[in-house]
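Peer 1: Quick check, what structure comes out for this input:
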Amino acid sequence: MRHPSDISAKFITFEGGEGAGKTTQIHILKTALEKAGIAAVTTREPGGSPGAEEIRKLLVEGEPDRWQPMTEALLNIAARSDHVKRFIRPQMDAGKWVVSDRFFDSTLAYQGYGHGLELSRLEQLHEIVFADFYPDLTLIFDVPVEIGLARTGIRGGVEDRFEKMDISFHERLRRGFLDIAKRQPDRCYVIDATQSVDAVEESVKSALLQKLDIKLS
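Peer 2: Okay, the predicted model is just below:
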């Protein structure tokens with residue numbers, strides 16, 4: 001078991017369908033890392049840099065059929081390119097751990113499994129733009145579709161484009177995230193997001209211990 005301060009900067013991503021409860025746990029993890037003496041920052045996708053935030057508005061607002069699937073994927077990749085170059089890599093180069101709400105797995109799940117784009121083509125696009133840059137750990141928050149969408153209904157706001165997509169899309173999305181976890185077991189860890197906030201927090205800490213050999217109090 002290693003202390004976080006003995007390890008170089010890590011990139012940790014939180015993934016899952018709509019209403020999975022990632023945001024709360026991201027801030028809890030950041031606090032736990034800082035308590036352990038680790039400089040950490042949080043971010044999100046699409047977004048995370050000024051340019052990427054502008055693209056975010058195009059993706060998460062409006063009607064479900066606003067974009068064709070490949071256009072949607074390319075917009076996400078464009079936003080991610082700016083995000084990585086202007087925020088994620090500079091923060092990690094400065095020794096900070098980066099905790100992100102979504103990354104490439106969301107592109108695979110939403111545009112691949114959800115909209116039916118070929119997974120291998122999306123993976124090739126990622127490699128062209130980002131080479132071998134992937135998270136050190138990905139936490140996949142799993143929640144039944146009905147529960148997740150009920151949570152988003154309470155949340156409200158204008159960023160509801162994906163929430164308005166049909167139930168079958170969200171079911172494919174959930175299956176996609178679980179399949180990604182099966183395909184990438186060394187990097188991914190599935191968390192039951194129907195648990196209490198405290199129980200989910202403990203699951204997150206268990207993932208860090210199991211996957212990165214890091215124990216947080």
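
Peer 1: Centre-most residue in this protein?
Peer 2: Among the residues of the chain, R102 comes closest to the average C-alpha position under Cα atoms, centre = their mean, at 1.9 Å.

Peer 1: In contact with that one, which residues?
Peer 2: By Cβ atoms under 8 Å, 6 or more residues apart in numbering, the contact list for R102 reads 13-15, 44-46. Where you see a C-beta, it was placed from the backbone N, CA and C, and this is true even at glycine.

Peer 1: Among those, which pair sits farthest apart?
Peer 2: The span of the contacts of R102, defined through Cβ to Cβ, is set by F14 and P46 at 14.4 Å.

Peer 1: For these two, indicate the residue with more neighbours.
Peer 2: F14 (28 against 24; other Cβ atoms under 10 Å).

Peer 1: wait, isn't that one in contact with T24?
Peer 2: No - with contact defined as Cβ atoms under 8 Å, F14 does not count as touching T24 (10.2 Å).

Peer 1: Report the spatially nearest residue to C188, omitting neighbours in sequence.
Peer 2: The spatially closest residue to C188, leaving aside those adjacent along the chain, is A181, at 4.1 Å (Cβ to Cβ, 6 or more residues apart in numbering).

Peer 1: buried stuff in the helix or strand hosting that neighbour?
Peer 2: Taking DSSP states H and E as the criterion, the element that holds A181 is helix 167-183. Under the neighbour-count criterion of 16 or more other Cβ atoms under 10 Å, helix 167-183 has 169-170, 172-174, 176-178, 180-181 buried.

Peer 1: now the residues you listed as a markdown table including pLDDT?
Peer 2: What follows is the buried residues of helix 167-183, written out as a markdown table (pLDDT from 0 to 100):
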| residue | pLDDT |
| --- | --- |
| F169 | 97 |
| H170 | 96 |
| R172 | 98 |
| L173 | 97 |
| R174 | 97 |
| G176 | 98 |
| F177 | 98 |
| L178 | 98 |
| I180 | 98 |
| A181 | 98 |
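
Peer 1: mind saving the C-alpha coords of stretch 179-193 as PDB?
Peer 2: Backbone C-alpha positions of stretch 179-193 (Å, rounded to 0.1, in the frame of the first residue of the first chain) are rendered in PDB as follows:
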ATOM      1  CA  ASP A 179     -19.500  -3.500 -21.200                       C
ATOM      2  CA  ILE A 180     -16.700  -1.000 -21.200                       C
ATOM      3  CA  ALA A 181     -15.900  -2.000 -17.600                       C
ATOM      4  CA  LYS A 182     -15.800  -5.700 -18.700                       C
ATOM      5  CA  ARG A 183     -13.500  -4.800 -21.600                       C
ATOM      6  CA  GLN A 184     -11.100  -2.700 -19.400                       C
ATOM      7  CA  PRO A 185     -11.000  -4.400 -16.000                       C
ATOM      8  CA  ASP A 186      -7.600  -3.100 -15.000                       C
ATOM      9  CA  ARG A 187      -8.700   0.500 -15.400                       C
ATOM     10  CA  CYS A 188     -12.500   0.400 -14.600                       C
ATOM     11  CA  TYR A 189     -14.300  -0.200 -11.400                       C
ATOM     12  CA  VAL A 190     -18.100  -0.400 -11.300                       C
ATOM     13  CA  ILE A 191     -19.900   1.200  -8.300                       C
ATOM     14  CA  ASP A 192     -23.600   0.600  -7.300                       C
ATOM     15  CA  ALA A 193     -24.800   4.200  -7.400                       C
END
